[in-house]
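> dropping the sequence and predicted coords here.
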Amino acid sequence: MIGVTAPVARQRRWVLVALAGVIACGLVLQLLREFAIADHVGNVLYAAAVYLAVCLVAPRLRPRTVTAVALAVCVAVELLQLTPAPAALAAAFRPAALLLGSTFAWPDLLGYAAGCLVAGTIDHRLNG
């Protein structure tokens, strides 16, 4: 539609800036992996990054819908870890381990839910 634009915070350039910030935080967190909390914070950041990626692909979706889609993607990736596929991909291309993980863990699902809910809440507050 002519003249219709996404809210300022949902414009792709701002979503890209936010995604770059989340990824940067996640990479810095890799340096602190020996701390127990780092894994949980990493799960929250991963989910936030997935949320922002969904916003990039579909910027006009409502925050509630983006939250559901992002959480579904996170759960699917975690369930994929029950198969040998992520390990095989990580062996062939090491950065794949950062995207797909390596071992299934139920607590990761809580971190993903928290990350999606936080991202969705922020998005809702900024864009209504």
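Happy to help now that I have it. Remember, it's a predicted structure, so these values are computed and weren't measured experimentally.
> so who does residue 89 touch?
Listed by Cβ atoms under 8 Å, 6 or more residues apart in numbering, the contact set of residue 89 reads 96, 97, 100. For glycine as for every other residue, the C-beta is placed from the backbone atoms N, C-alpha and C.
> so residue 64 sits against residue 121, correct?
No. Judged on Cβ atoms under 8 Å, residue 64 makes no contact with residue 121 at a distance of 10.4 Å.
> list the buried residues of the helix-or-strand element of the chain with minimal mean pLDDT.
Using mean pLDDT, DSSP states H and E, the weakest-scoring helix or strand in the chain turns out to be helix 96-100, at a mean of 86. By neighbour count with 16 or more other Cβ atoms under 10 Å, helix 96-100 contains the buried residues 96, 100.
> can you name every helix or strand that it contacts?
Contact analysis of helix 96-100 by 3 or more Cβ pairs under 8 Å, 6 or more residues apart in numbering; DSSP states H and E lists helix 63-80, helix 85-92 as its packing neighbours.
> I'd like the distance from whatever helix or strand comes next after that helix to the chain centre, please.
Moving toward the C-terminus from helix 96-100, the next helix or strand (DSSP states H and E) is helix 106-127. Centre-to-centre, helix 106-127 and its host chain are 9 Å apart (Cα atoms, centre = their mean, to the nearest Å).
> ditto for stretch 48-67
With Cα atoms, centre = their mean, you get 10 Å for stretch 48-67.
> ok, now stretch 40-50?
Distance, centroid of stretch 40-50 to centroid of chain: 5 Å (Cα atoms, centre = their mean).
> that older thread, between the contacts of residue 89, which is nearest residue 36?
residue 97 (19.5 Å; Cβ to Cβ).
> re earlier: from the contacts of residue 89, which is closest to residue 75?
residue 100 (13.2 Å).
> skipping adjacent residues, who's closest to that closest one in space?
Nearest residue to residue 100, sequence neighbours excluded (Cβ to Cβ, 6 or more residues apart in numbering): residue 86, at 4.0 Å.
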